[in-house]
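> Below is the structure, and that's it, no one-letter string:
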């Protein structure tokens, strides 16, 4: 007879490391609208206290995500507030803190209602004048009090002006010390762009991914923090497609080979919305450094007329790829458990 | 008996659309150094008149390019000043004009010395406060007087601050009218980054490519200028790797399909430095929209230990790809003659 754990784990678990709460009840946006209005007109009242959103509203709001999980055969979504709405460039540190706490509290409530389906990752109360204002405290609250397993870190709180120092600058180090202490990773994720040059999901997101990778390649961040783990979403931006360029640049600059750079520290998700792109990613990047992700419900909402399936149904592409079962298991489950170790506690409760 | 033209053209011509004069004699940099020093200290003398560089120096300086052409089996390089040195963010419009004219004049002289090997593309005297300052006049000089066949257009003269309006903004339109009138294309190419977030060749270049594509996708530029032709270098940035994302975003936004958007107006080069990347590019992007390019002598100078060949020997990757001879002929020669029609005059002289 098989031991119990083996029976329970008779099929692959599929963990989606990249889901945003893009379907929150309208009361959340109403709070944000009031908050933004009050920045211009202090006579506008910003609601105090918890948002008046019922558990039923929350249950209803995540039906799209639950249906996609069921339809696509995924189990758990590592769930964070809507990335484009973080908008750290709006207001000041206080604005950002109040907004982040509401967003994180809702994630916590959703995870409590559906503990088998969602595990929380938090938004940080960054602000351009102080990219780490209140961030350590909010991270501690979310991880220690709310059971979150990671965070989204915005390398550009200015929203497309790129005024913060690179992620490898020592000003970020106190935050990284806390990440390591709590044993939680950060997904590098920008938010809305207020620079008209950059379309948010089509340019700013992808550029930030590419930018972060090159910052990591040219500095010794992971020598200073061997246990720090960063997820670069959206398939690593342009990096896998230009892998030869990065190998060559690293060689010219006498920096570590990209495969060595990323080994224990940098991970790409599978938010690449066509088969050829996923095939490239899986052929180029070691399976140990890839986490399954779909970004659902997110950047692209339609159905691909060429395939008849949702563009962001990325599990189909991974399933159809040429990699073996051992690699798939890493990408669907094992890597997420390694990169986000607190997920093991969250799922066993 | 075959007609003469058929005999002459018995083998494929290989036109490299993306080469920079990165090996110019040191007198060029000495001028630039003096120019920059004079910005801080007006007592520094900036040399007036043509640079004291002999034809022999020029011949010597392009031996690396000529050797690569010969070794790799390419014929003609569409040759422009060093992109990273354009640095439009330094000084003002006058600084940029003087610098651009020197750079362009040297390109003209090299093309005159090796008319079968090089055809000129010009740097533009852009400047952050006026992205098109003097650009029309310098373009006319280069095309009409110097026989150039195109230009490099910097979407971010601020060098990583991205303060200019998007390329689809009407403020650029007078320049596009001139491009159409002269029947020359523009390669969208940024320069050095003065923003510490962006490594120039590893992030800023690739980001700009992705950014420009998304600008084109979200505006009606090519409805307004059906004859305008833009080359997005470095394999189109992240675009082919994320082709599904762009198809999906276009569909969600009710914009043209990417393949329709680019058809007569947007072209990607083959500056992608590994086989898998080139294979993806050639599988995804119509062959009519791809121009052979290597970026030599440029961003990556080393030899790939995995292949034993130069990273930027992109002809090898195209040769080894699965596409047919008709597609290869388009990519190596025919598309360049269509996108840069003035090359036909230049090569027949």
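Done, it's in. Fair warning: this is a prediction, and the values are worked out from it, not measured in the lab.

> Going by C-alpha atoms from here, please, whenever you check contacts or count neighbours.
Noted.

> in the stretch 201-349 of chain A, which segments are predicted with low confidence?
A:349 (pLDDT under 70).

> Enumerate the residues of it near chain B.
A:202-204, A:206-207, A:210-211, A:214-215, A:237-246, A:248-249, A:251-252, A:272-274, A:276-277, A:280, A:284, A:299-304, A:311 (CA under 8 Å from any CA of the partner chain).

> I'd say residue A:329 and residue A:15 touch.
No - counting by CA atoms under 8 Å, residue A:329 stays clear of residue A:15, with 10.2 Å between them.

> So between these two, which is more surrounded?
With other CA atoms under 10 Å in any protein chain shown as the criterion, residue A:329 and residue A:15 differ in neighbour count, and residue A:15 comes out ahead with 26 against 17.

> Check the offset of stretch A:80-94 from the chain's centre.
Stretch A:80-94 has its average C-alpha position 14 Å from the chain's average C-alpha position, going by CA atoms, centre = their mean, to the nearest Å.

> got a list of contacts for it?
A:18-22, A:36, A:39, A:96, A:100, A:103-104, A:107, A:120-123, A:125-130, A:133-134, A:151-152, A:157-159, A:189-192, A:200 (CA atoms under 8 Å, 6 or more residues apart in numbering or on different chains).

> Give the PyMOL command for selecting the buried subset of the residues of the stretch 201-349 of chain A next to chain B.
Filtering these down to the buried ones (16 or more other CA atoms under 10 Å in any protein chain shown) takes a single PyMOL command:
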select buried, chain A and resi 202+203+204+206+207+210+211+214+215+237+238+239+240+241+242+243+244+245+246+248+249+251+272+273+274+276+277+280+284+299+300+301+302+303+304+311
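
> Pull out the buried positions in the helix ranked longest in chain A.
When secondary structure is assigned using DSSP state H, the longest helix within chain A turns out to be helix A:93-113. Residues of helix A:93-113 classed as buried under the neighbour-count rule (16+ other CA under 10 Å) are A:93, A:95-97, A:99-112.

> Could you look up the SS state of residue A:160?
The three-state label given to residue A:160 by DSSP: H, G, I helix; E, B strand; the rest coil is coil.

> Surely it is in contact with residue A:195?
Yes - the pair residue A:160 / residue A:195 is scored as a contact, 5.1 Å apart, by CA under 8 Å.

> Who has more neighbours out of the two?
Counting neighbours by other CA under 10 Å for residue A:160 and for residue A:195 shows that residue A:160 has the greater number, 24 against 20.

> how far away is that one from chain B?
For residue A:160, the distance to chain B under the criterion CA to the nearest CA, to the nearest Å works out to 8 Å.

> Contact partners for that residue?
Counting by CA under 8 Å, 6+ apart, residue A:160 has contacts A:192, A:193, A:194, A:195, A:198, A:204.

> Let's see that with 7 Å instead.
Taking CA atoms under 7 Å, 6 or more residues apart in numbering or on different chains as the criterion, residue A:160 is in contact with A:193, A:194, A:195, A:198.

> OK, contacts around residue A:175?
Listed by CA under 7 Å, 6+ apart, the contact set of residue A:175 reads residue A:136.

> Local confidence estimate at it?
Reading off the per-residue confidence, residue A:175 sits at a pLDDT of 98.

> So it, which state does it fall into?
Under the three-state scheme (three-state DSSP), residue A:175 adopts helix.

> Check the offset of stretch A:35-44 from the chain's centre.
On CA atoms, centre = their mean, the centre of stretch A:35-44 falls 30 Å from that of its chain.

> Would you indicate which residues of it are buried?
Going by 16+ other CA under 10 Å, stretch A:35-44 has these buried residues: A:35, A:36.

> Endpoint to endpoint, it covers what distance?
As for stretch A:35-44, its first-to-last residue distance stands at 8 Å under the measure CA to CA, to the nearest Å.

> and stretch A:295-310, how far from the chain's centre?
Its chain's average C-alpha position is 19 Å from that of stretch A:295-310, according to CA atoms, centre = their mean.

> end-to-end on it?
The first residue of stretch A:295-310 is 12 Å away from its last residue (CA to CA).
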